[in-house]
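In: okay, predicted coordinates and the sequence, questions at the end:
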Amino acid sequence: MPDICVIGGSRYFGKRLIERLLNAGHRVTVVNRGSSAPPAGAFHLIADRDDERALEKALGSRTFDVVVDQVCYTPRQAGIARRVLGPRTRRYVMTSTVEVYEYEDSASPVREEAVDPRTVAVDPAADLPYGEGKRQAEAVFAGDPSLAFTAVRVAHVLGGADDFTGRLAHYADRIREGRPIAVPAVNHPATYVYVEEIADFLAWAAEREFTGPVNAASHGPLTTAGICAPIEARLGRRAVFQEVEVGEVSPFSFRRSYAMDNTRATALGYTFRHSSDWLERAVDETLGGRA
């Protein structure tokens with residue numbers, strides 16, 4: 001079975017990914033700073049990915065069939081990974097984000113070609129926001145023609161009792177207490193994915209050979225009201241939405257439209273579910289006993 005290296009990934013959907021790879025019989029090596037242990041059965045290497053020498057030393061002479069990088073956020077991190085891990089693997093899969101499309105505002109779902117990482121300028125010294133950091137990290141890997149590289153652009157993830165973001169709790173608290181939920185005057189829908197399904201997709205992608213960016217998102221974009229609907233049903237109370245022209249809005253409320261098109265994933269052989277198939281379960285898992 002293939003040797004797979006997972007960088008980071010001992011929390012949330014990364015943990016689920018590792019479990020799926022192990023259950024499929026893969027030999028899995030997890031590299032992180034030691035703050036959390038990987039699931040039982042994975043080999044654990046402790047190293048700071050930002051320290052090039054330490055990473056090289058920790059890896060020793062190991063090579064891999066696939067690297068799945070769960071925690072690459074900047075072009076500097078990508079540069080270190082490309083130099084240290086690029087020669088040790090035949091394929092590199094980076095967990096990217098829908099936020100690479102943060103400059104888009106498209107009425108129709110955005111396809112991968114809207115952001116070609118080969119054309120993105122890179123500034124390794126800059127202090128970059130999340131979406132731009134991911135864009136430039138993709139660009140570093142895509143600029144190496146010797147490396148088979150895949151960027152999985154992950155939609156907003158929902159579900160799981162271990163969701164640490166607090167975003168669904170934000171809505172539940174306001175609905176329960178009758179406080180307003182701030183939304184833009186024009187509140188655009190966005191694409192989402194269930195935590196279990198993104199783990200499935202990443203495990204599936206690690207076993208394939210395709211390269212280039214691929215959007216990972218469920219069918220059925222959701223608005224803020226759509227996300228709140230199962231919370232309203234759970235609590236027996238209606239959400240109060242307050243439109244704001246400027247200033248901060250609630251999580252998952254968007255002034256621009258950049259829902260992702262998942263046609264490429266379908267063509268490659270993976271069929272995502274519709275958000276209506278899992279949204280209620282995701283809310284129940286995350287909110288647990290909160291009422």
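Out: Everything's here; your move. Residues are numbered from 1 along each chain as shown.

In: who touches stretch 146-153?
Out: The contact list for stretch 146-153 (CB atoms under 8 Å, 6 or more residues apart in numbering) reads 82, 86, 90-98, 100-101, 112, 117, 138, 141-142, 201-202, 205, 209-216, 260. Placement of C-beta: from N, CA and C, glycine included.

In: phi, psi for the nearest residue to residue 224 once chain neighbours are set aside please.
Out: Computed as CB to CB, 6 or more residues apart in numbering, the closest residue to residue 224 that is not its neighbour in sequence is residue 253, at 4.8 Å. Per-residue torsions, residue 253: phi -120, psi 130 (degrees, to the nearest 10).

In: please indicate which of the contacts of stretch 146-153 are buried?
Out: For the contacts of stretch 146-153, a burial check counting by 16 or more other CB atoms under 10 Å picks out 82, 86, 91-98, 100-101, 112, 117, 138, 141-142, 201-202, 205, 213-216, 260.

In: quick one: which of the residues you listed sit in strands?
Out: 91-97, 213-216 (DSSP state E).

In: so what's the nearest residue to residue 33 once chain neighbours are set aside up against?
Out: Leaving aside its sequence neighbours, residue 33 sits nearest to residue 48 (CB to CB, 6+ apart; 5.4 Å). Residues near residue 48 by CB under 8 Å, 6+ apart: 33, 54-55.

In: name the SS class of residue 48, please.
Out: Under DSSP: H, G, I helix; E, B strand; the rest coil, residue 48 falls in the coil class.

In: report the separation between it and residue 135.
Out: As judged by CB to CB, to the nearest Å, residue 48 and residue 135 stand 24 Å apart.

In: can you give me the helices for the stretch 101-250 of the chain?
Out: Applying DSSP state H, counting those that start in this stretch to the stretch 101-250 of the chain gives helices spanning 130-142, 167-177, 195-206, 224-235.

In: need those helices in a markdown table (columns: distance to residue 158 and mean pLDDT).
Out: Formatted as a markdown table, those follow (distance: least, CB to CB, whole Å; pLDDT from 0 to 100):
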| stretch | distance to residue 158 | mean pLDDT |
| --- | --- | --- |
| helix 130-142 | 18 | 97 |
| helix 167-177 | 7 | 95 |
| helix 195-206 | 7 | 98 |
| helix 224-235 | 8 | 96 |
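
In: of all those helices, which lies closest to residue 242?
Out: Distance to residue 242, taken as CB to CB, is lowest for helix 167-177 among those, at 10.0 Å.

In: tell me which residues of that closest one are tucked away?
Out: Buried, per 16+ other CB under 10 Å, within helix 167-177: 167-168, 171-172, 174-175.

In: just put those in TSV and tack on distance to residue 241.
Out: Formatted as TSV, the buried residues of helix 167-177 follow (distance: CB to CB, whole Å):
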residue	distance to residue 241
167	16
168	16
171	11
172	15
174	10
175	10
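
In: return the closest of these with respect to residue 243.
Out: Distances from residue 243 to the buried residues of helix 167-177, taken by CB to CB, are shortest for residue 174, at 14.8 Å.

In: tally of neighbours for the residue nearest to that closest one when sequence neighbours are not counted?
Out: Leaving out its chain neighbours, the residue that sits closest to residue 174 by CB to CB, 6+ apart is residue 181, at 5.2 Å. Per other CB atoms under 10 Å, the neighbour tally for residue 181 reads 20.

In: got a list of what the residue nearest to the spatial centre of the chain touches?
Out: Nearest residue to the geometric centre of the chain (CA atoms, centre = their mean): residue 154, 3.9 Å. Residues counted as contacts of residue 154 (CB under 8 Å, 6+ apart) are 95-98, 193, 198, 216-217.

In: could you dump the residues you listed to JSON lines with distance to residue 1?
Out: Shown next, in JSON lines, are the contacts of residue 154 (distance: CB to CB, whole Å):
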{"residue": "95", "distance to residue 1": "22"}
{"residue": "96", "distance to residue 1": "26"}
{"residue": "97", "distance to residue 1": "29"}
{"residue": "98", "distance to residue 1": "31"}
{"residue": "193", "distance to residue 1": "27"}
{"residue": "198", "distance to residue 1": "22"}
{"residue": "216", "distance to residue 1": "24"}
{"residue": "217", "distance to residue 1": "29"}
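
In: name the nearest of those relative to residue 25.
Out: residue 198 (21.2 Å).

In: skipping its backbone neighbours, what lies nearest the closest one in space?
Out: residue 13 (5.1 Å).

In: farthest-apart pair in the ones in strands among the buried ones among the contacts of stretch 146-153, please.
Out: Farthest pair in these, by CB to CB: 91 and 97, 20.1 Å.
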